[in-house]
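*Asks:* coordinates for the following, if possible.
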Amino acid sequence: MWPSSYFQWLTKSAPTGVVEVYPEISDSYETNLPNVFIIGDLTGVPLLKFAAESGVNVWKHIRVNKTDYLDAVIIGSGPAGLSCAYEAKRLGKKYVVLEANLPFQTIQSYPKQKPIFAEPKNFNSQSKVVIQDSIKEELLESLNALLQKEPVALHTGKRVSSIQSNGSFYTVHTESGDSYHTNSVVIAIGKSGDPKRLEVKGETNPNVFYRLFDPYDSKDKSIVIVGGGDSAVEAAIACSDFANEVSLIHRGKEVSRPKEENQILLEKKVKEGKIKLLLESQVTEITEQNVFVKSSVSSSKHKADLVYILIGNLAPIPFLKKIGIKIQNEKSLSDWVGFFSLFSFAGLAYLGKASFYGPGWFSPLATGFAGLSILGLILFCYLKLTGGTRPLQPWILIRNTYLLWLFFYFLFVYISATYFGYTLFGKYPSFHYTMLYSLTILVFGIRRILVRKTNYILYQTLCLIFVQVFFLFLLPELILPELGDLGYLGSPDGFLRTQVFPNDAYWKAYGFILAWPLSMGVLYDGGITNFWLGYGVLFSFGLIPFLVYRYGKGAYCGWICSCGGLAETLGDEHRQKMPHGKWAYRLEHSGQYILFIAFLLTALKLFGVYGKRINPGLEATEFIADSVKWIYDLFVDIGLAGVVGVGFYFLFSGRIWCRMFCPLASLMHIYAKFSRFRIFSEKKKCISCNICTKNCHQGIDVMGYASRGIPLDSVQCVRCSACVSLCPTDVLEFGRFVSSGIQYDSIQAKLGK
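*Replies:* Model prediction:
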C-alpha cells in the first residue's frame, strides 16, 4: 500500500530504540524524597570516572541538619559510594557506608582480565578514587590498596531492607536487624539489578548463565553468547582463546555498542574463524546440548555446552519503588491531576480566545474548562502539600508562582470580557493570550539561557524570543494598528492597506512568520491578494525548503516557529518525558494525514476563488472547502495545536504537537529527505548512556545512530542541540554532507555547543 511505502521512505531505517528506565533525580542528584540522593551508574551515565565524581559533587547539595544523627548513610561501596565516603571524611561529616557484599562487588563480578577503559580521557576527577586504563585485576588491586591505606567507616554484609522517613530524618534498616538514624541517604548501588531475560524455553537450564566469571571455563567447549553490547563482545573475544567454538548471536543488523578496541578484535576473530557471528538472529529455544536460532531466512541449531545471555541488567527498580523513590516517566496521582488541570486550562485559553469570533457554544465550553481547571488545581495543590516531597527550590517556586499568576490573569480577562463586558486595556482575550504566550517564552527563555550555558542555546533562544515578541505580538497587536491609526501605512487604496493588510486585517502579519499550512490563512483566503498568494507560495515552497536543505528542519522549527519557541522554553524542563514506545513512533505519522487534508482544502479553496471568475459553477469547490474547514480549525488548530499541544506539556513533552501532528513539520519532513544537514557521531567515544535519546524532544533514538556511527538524518530533528550539548563524551556534532565529504556546521563552530 502506498501509505506504508511513503512512511517507510520518510523514516528509512531510523532506529526506534526505547529509553532505559532510571529513577527520577534532579540536577543535584536528589530524588523526590527530601535529602535522599542517587549517584553513580543509576544516574544513567555508565562511566566509572563520572560515578566517582558524583560521589564528590553530591556533598555540595546535601542539606545539613543539626542533630546527633549521622549526616549520611551511604548505600553501596563501589567507586561512587567510596568516593562519597572519602569526601565525607575530608569534610568531617558523620557517615557510614553499608555494603551488602564486599567492596567493589560489581567490579569483582567482571570476567577475569576484563579491560577497563578510563573514559573520558580528558576528564580530571576530584575524587580520591582514581580510575585508569587497566584490567579488572589491576583496578581492584589499586582500589583495595587505597581502602587499606585510608580506611573508611564501611560495614559489609549489611543489605538494606527499607528506609523509613521520620519527619526531618530517616531510619535505614538492614536485613540483619541493624538500624541507622541519619539526616540524609546516598544510594550508590549501581545498575546491578536482575539480568534481562530472553523469555524462551530452556532459559533456566543449568548450562545457562547471565554473567561470565572466568573465560577459562569455556576451555574445549562449544560456547553460545547472546547479546550485541560491549559485554557480549568482550565475552566472545575472551572465550575464543579457550573454546572449541564460539557463536555470538545478536538480533540486530550489527553489533552496535562495542568500544573501538573491541570492534577491531571482534572483526579479527571473525575473519580467523574463531568467532561465528550471527546477526539478525534470535534464540527460540535452549536445551542442555543445543541452542535453536531463527533468522529472517532460515532456522539453525548450534551446539552449546555453555550459554551466556549477556543482554544487560535491569536497574533495581523494585527496591527503589519500595522505599518510595519515583521512577522516570512514572505517573503519580498528582501528575495526572496536574495534567487534568493544565489540559483544562489549555481548553479555556484556546476556546476562550476564540469565543469572540467563533460559534456561540465556544463560550460555555470554555467556562466549563475553567471550572474543571480550578478544581484540578485545588486538588493538585492539596496532593503536593500533603505528599512530603522535597523542599521547593527557588526556581521551582518562581516557576509555579508565575504559572499560577498566568492562569488567574487569563481567567480574569476571559470572565470579565465574556460575562461583564469589561475588556482589560480595551483588548479582547485573544490579545492577552498572545501577550502571555510571548511573556512566557521570554521568562522561560531567560531561564533556559541561564541553565543551558552554551553559545548556541544563547543565540537560538534570543532568536526565538525576538521572533515571538516582535513579529508575533508587538507588530500585529500594537505597532501596525498604531501606525494605521496615524496614517503611516498609506491611504486606504494604497498597496499596504489593499494587498498586505486588506481592510486593516493586521492579523495577517502572523503570516510573515507562520507559514502555510501551520497558518492556513496565509493561502486559505476567499479574498486572497496577489501579495499573499505570491508570498505564501514563496515562503512555504521556496524559502523554507532552502533553509531545510542547508540547515535542516530545525532552521525553522528550532529558531523561528512560535510553537517551537514555547516548547524549547516552557517545555525545556520536560523534554525527557517524550514517549519512545512503538505507539509513539507510529503516531508521529499523523501529521502527514493532516497535511494531506490541508492541501486538499487549500487547493479546493483557491480553485474556487479563481475558477469562479471563469465559470461561476466552480464556486461549489469553495463552498465544499468552507463546509469542511471549520471542522479542520476546531480539531487541528484548536484541539491538537492548542489544547493537546499545550495541555500535554508537563505530562509528556512540549513538542507533542510538533512531532505528531503539525502539518508544516510534516511538509518539512519531505524537504528534509533532500537536506544535507546531519548530526555526525564519533562512534568510538559513544558509551551508550542513552542521555541523548532521553533528552530528545522529538523522540529520536539518537543513541541508535551514535552507537553505530551512522549520521543522524531523521526528519524529526529540530536541531535544538540538546543531544550535542548534553553528551558527556562529546560524541555528536552538527554538520552537512558536501561533495568533498563532511563539512562541520559553521554555525555550531562559531557559536559553540
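
*Asks:* Arg448: what secondary structure?
*Replies:* Reducing the assignment to helix, strand or coil with DSSP: H, G, I helix; E, B strand; the rest coil, the entry for Arg448 is helix.

*Asks:* ok, now which ones touch it?
*Replies:* Contacts here follow CB atoms under 8 Å, 6 or more residues apart in numbering; on that basis Arg448 touches 457, 461, 568-569, 572. Backbone N, C-alpha and C define where each C-beta goes, glycine included.

*Asks:* going by distance to Ile441, which of these wins?
*Replies:* Nearest to Ile441, judged by CB to CB, of the contacts of Arg448 is Thr569 at 5.0 Å.

*Asks:* returning to what we had before: among the contacts of Arg448, which one has the most neighbours?
*Replies:* Neighbour counts for those were taken using other CB atoms under 10 Å; the highest belongs to Glu568, with 30 neighbours.

*Asks:* the nearest residue to that residue once chain neighbours are set aside: neighbour count?
*Replies:* Taking CB to CB, 6 or more residues apart in numbering, and ignoring the residues beside it in sequence, Glu568 has Cys720 as its nearest neighbour in space, at 5.9 Å. Burial measure for Cys720: 26 neighbouring residues, criterion other CB under 10 Å.

*Asks:* what strand or helix carries Cys720?
*Replies:* Under the criterion of DSSP states H and E, Cys720 resides outside all helices and strands.

*Asks:* then Val172?
*Replies:* strand 169-174.

*Asks:* also Ile74?
*Replies:* strand 72-75.

*Asks:* what's that strand packed up against?
*Replies:* Under the contact criterion of 3 or more CB pairs under 8 Å, 6 or more residues apart in numbering; DSSP states H and E, the helices and strands touching strand 72-75 comprise helix 79-91, strand 95-99, strand 169-174, strand 179-182, strand 185-187.

*Asks:* and the ones you listed, which is most packed in?
*Replies:* Mean neighbour count, computed with mean count of other CB atoms under 10 Å, is highest for strand 185-187 among these, reaching a mean of 28.

*Asks:* look up how far Ser300 lies from Arg719.
*Replies:* 45 Å (CB to CB, to the nearest Å).

*Asks:* more neighbours: these two, which one.
*Replies:* Residue environment comparison for Arg719 versus Ser300 gives the larger neighbour count to Arg719, 23 against 13, counting by other CB under 10 Å.

*Asks:* hmm, that one is touching Gly554, no?
*Replies:* Yes - Arg719 lies in contact with Gly554 (CB atoms under 8 Å); the separation is 2.9 Å.

*Asks:* can you pull the residues that touch both of those two?
*Replies:* Taking CB under 8 Å, 6+ apart as the contact definition, Arg719 and Gly554 share the neighbouring residues Phe677.

*Asks:* ok, then the element right after the helix or strand hosting Leu664?
*Replies:* Of the helices and strands defined by DSSP H and E, Leu664 is found in helix 663-672. Stepping forward along the backbone from helix 663-672, the first helix or strand reached (DSSP H and E) is strand 677-681.

*Asks:* what about the helix or strand just after that next one, distance to the chain center?
*Replies:* If you walk from strand 677-681 toward the C-terminus, the next helix or strand you reach (DSSP H and E) is helix 691-694. Between the centre of helix 691-694 and the centre of its host chain there is 6 Å, according to CA atoms, centre = their mean, to the nearest Å.

*Asks:* state the mean pLDDT of helix 691-694.
*Replies:* Model confidence over helix 691-694 averages 88 on the pLDDT scale.

*Asks:* and the next element down the chain from that helix?
*Replies:* Heading towards the C-terminus - elements assigned by DSSP H and E - helix 691-694 is followed by helix 702-706.

*Asks:* tell me the helices and strands packed up against that following helix.
*Replies:* For helix 702-706, the helices and strands in contact under the criterion 3+ CB pairs under 8 Å, 6+ apart are strand 677-681, helix 691-694.

*Asks:* what residues does the shortest one touch?
*Replies:* The reference is to helix 691-694. Among residues not part of helix 691-694, those counted as contacts by CB under 8 Å, 6+ apart are 17, 19-20, 44-45, 576, 580, 700-704, 706, 722-723, 726-728, 731-732.

*Asks:* now do stretch 23-36
*Replies:* Among residues not part of stretch 23-36, those counted as contacts by CB under 8 Å, 6+ apart are 37-39, 42-43, 54, 57-58, 60-63, 163, 165, 170, 183-185, 187, 315, 317, 320, 323-328, 330, 388-391, 393.

*Asks:* can you list the domains in the chain?
*Replies:* When the chain is parsed with automatic domain parsing, its domains come out as 36-187, 208-309, 333-666.

*Asks:* and the longest one, average pLDDT?
*Replies:* For domain 333-666, the per-residue pLDDT values average out at 92.

*Asks:* end-to-end on it?
*Replies:* Length of domain 333-666, first residue to last, CA to CA, to the nearest Å: 34 Å.

*Asks:* pLDDT below threshold where in the stretch 51-200 of the chain?
*Replies:* Flagging of the stretch 51-200 of the chain using pLDDT under 70 yields the residue ranges 192-194.

*Asks:* and with 90 instead?
*Replies:* Within the stretch 51-200 of the chain, the stretches falling below the threshold (pLDDT under 90) are 51-52, 63-68, 77-78, 100-144, 156-157, 159, 165-169, 176, 190-200.

*Asks:* what's in contact with the strand holding Val172?
*Replies:* Residues contacting strand 169-174 (CB under 8 Å, 6+ apart): 35-36, 65, 67, 69, 73, 75, 98, 158-164, 179-185.

*Asks:* circling back to that earlier point, for the residue nearest to Glu568, give its distance to Ile679.
*Replies:* When CB to CB is the yardstick, Cys720 and Ile679 sit 11 Å from each other.

*Asks:* now Gly735
*Replies:* Applying CB to CB, one obtains 7 Å for the distance of Gly735 from Ile679.

*Asks:* before we move on, what about Glu477?
*Replies:* Plainly put, Glu477 is 37 Å away from Ile679 if you go by CB to CB.

*Asks:* now swap in Asp637 and tell me
*Replies:* Applying CB to CB to Asp637 and Ile679 gives a distance of 32 Å.

*Asks:* over to Val467?
*Replies:* 24 Å.

*Asks:* also Gly704?
*Replies:* The value you get for Gly704 to Ile679, if CB to CB is used, is 12 Å.
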